[in-house]
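Chemist: Any chance you can model this:
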Amino acid sequence: MNPYIMAFLYLCLILGTTITVSSSHWLLAWMGLEINTLAIIPLMAQSHHPRATEAATKYFLTQATAAATLLFASITNAWLTGQWDIKLMTHPIPTTMILLALSLKIGLAPLHTWLPEVLQGLDLLTGLILSTWQKLAPFSLLLQIPAYSQDLLILMGLASTLVGGWGGLNQTQLRKILAYSSIAHLGWMLIIIQFSPSLTLLALITYLVMTTSTFLILNFNNSKSVNALATSWAKAPLMTAMTPILLLSLGGLPPMTGFMPKWLILQELTKQQLPMTAVIAALTALLSLYFYLRLSYAMTLTITPNNLAGTTLWRLYPPHPSLVLSSATLTAILLLPLTPAVTALLNL
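Modeler: Below is the predicted model of the structure:
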């Protein structure tokens, strides 16, 4: 793709997200989401592979359905209450419809089935944008709308953590595993969003950092399946030693950064007199931890049969990790001791 067109599409992605995040009117928020969708579709289909075209088509149809539902719900709310303001949603029916539309946009269960299929058809860098940047605009709206149906939010959050853990168990494709990982993390954010929005923001930032690091490492090693992980030690031994720690951080295992949001969310659920919700969420996290352990095992404790030329890649072609990759990896692993400072910063 022409670099000028690529730069224009990235600028449109930033513009769409900025419009949605900064708007207080539903029509402007809808326009920002549409700009976002239309900007990422050419990036998805740029390889002209049938699988990429299929993923772009599925993504377009899903996002069009969600955008139409969102527009219909906001018009219904304006008709019933006379208000277009995002923070003045006073009628439960359009509020619930908007919640479902935004859940479809980001891939929350039970509206999640498009996400693994779409992510599987993309290259890793476009998949990184879909898994991180495209979550920002819908989440800014979820944080603003008042929650009338507390039970619905908790139910969808628990369903997402369960589906995200269960769906990734038998997968062999890394992009599908990361899609189910995304669903599980979004479930944790949705469970706590009505009780502590700042904690949801912390969980979202932590997820963005860990997912960015994971996608960049897989792109660095050119690994797209579990079997391909076993050859990564020949390309970058030090990176291969760091990656299992990063994967366990994604699973929420202490003493890595990923444990911080889960720990604080379980603590907040206990304060809100919801011990059963906290127990179920913690048990579903074990499902996700299982397939992260599986990936760690495949990466560190298995060695594929190689000839001499295949085992010396790191000496013949020394790779150069980027500053973003190094910074994101260290942040995703080492931030747990700063939990008191982070909670004080977010006024939790």
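Chemist: count of neighbours near the residue nearest to H112 when sequence neighbours are not counted?
Modeler: Counting by Cβ to Cβ, 6 or more residues apart in numbering, I183 is the residue found nearest to H112 once chain neighbours are left out, at 5.1 Å. In short, each C-beta sits where N, CA and C put it, glycine included. I183 sits with 26 neighbouring residues when counted by other Cβ atoms under 10 Å.
Chemist: Pull out the buried positions in the helix or strand hosting I183.
Modeler: Using DSSP states H and E, I183 sits in helix 174-192. For helix 174-192, the neighbour count (16 or more other Cβ atoms under 10 Å) marks 174-192 as buried.
Chemist: Give me the pLDDT value at the residue nearest to H112.
Modeler: pLDDT recorded at I183 is 94.
Chemist: quick one: contacts for it?
Modeler: Contact analysis of I183 by Cβ atoms under 8 Å, 6 or more residues apart in numbering lists G107, L108, A109, H112, L115, S160, V163, G164, G167.
Chemist: Adding pLDDT, write these out as JSON lines.
Modeler: Formatted as JSON lines, the contacts of I183 follow (pLDDT from 0 to 100):
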{"residue": "G107", "pLDDT": "91"}
{"residue": "L108", "pLDDT": "91"}
{"residue": "A109", "pLDDT": "87"}
{"residue": "H112", "pLDDT": "90"}
{"residue": "L115", "pLDDT": "94"}
{"residue": "S160", "pLDDT": "94"}
{"residue": "V163", "pLDDT": "93"}
{"residue": "G164", "pLDDT": "92"}
{"residue": "G167", "pLDDT": "91"}
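Chemist: Buried subset of the residues you listed, written for ChimeraX?
Modeler: Buried residues within the contacts of I183, by 16+ other Cβ under 10 Å, are selected in ChimeraX with:
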select :107,108,109,112,115,160,163,164,167
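Chemist: The contacts of I183 in strands, which ones?
Modeler: The strands, defined by DSSP state E, take in nothing from the contacts of I183.
Chemist: ok so, going back, what's the first helix or strand after the helix holding I183?
Modeler: Taking DSSP H and E, what comes next after helix 174-192 is helix 197-221.
Chemist: how far off helix 174-192 does that next one point, in degrees?
Modeler: Relative orientation of helix 197-221 versus helix 174-192 (axes from the mean of the first three to the mean of the last three Cα atoms, to 10 degrees): 170 degrees.
Chemist: And helix 197-221, what's buried?
Modeler: For helix 197-221, by 16+ other Cβ under 10 Å, it's 199-204, 206-221.
Chemist: go on, stretch 32-49?
Modeler: 32-37, 39-41, 43-46.
Chemist: can you give me the strands for the stretch 1-150 of the chain?
Modeler: Read by DSSP state E, counting those that start in this stretch, the stretch 1-150 of the chain holds no strands at all.
Chemist: Span of stretch 249-259 from start to end?
Modeler: Taking Cα to Cα, to the nearest Å, stretch 249-259 runs 7 Å from one end to the other.
Chemist: Please list the residues outside that stretch that contact it.
Modeler: Contact partners of stretch 249-259, identified using Cβ under 8 Å, 6+ apart, comprise 181, 206, 209-211, 214, 245-246, 248, 261-263, 285, 288-289, 292-293, 331-337.
Chemist: and if you look at stretch 134-151?
Modeler: 16-17, 20-21, 29, 32-33, 36, 40, 86-87, 89-90, 92, 95-96, 98-99, 102, 105-106, 153, 182, 186, 189-190, 193-194, 197, 200-201, 204, 208.
Chemist: What's the mean pLDDT across it?
Modeler: 85.
Chemist: just stretch 254-266 next, same as before
Modeler: 91.
Chemist: now the stretch 1-150 of the chain, which segments are flagged as low pLDDT?
Modeler: 148 (pLDDT under 70).
Chemist: can you map out the helices along it?
Modeler: Taking DSSP state H, counting those that start in this stretch as the criterion, the stretch 1-150 of the chain carries its helices at 3-22, 26-44, 50-81, 92-106, 114-120, 124-131, 133-144, 150-167.
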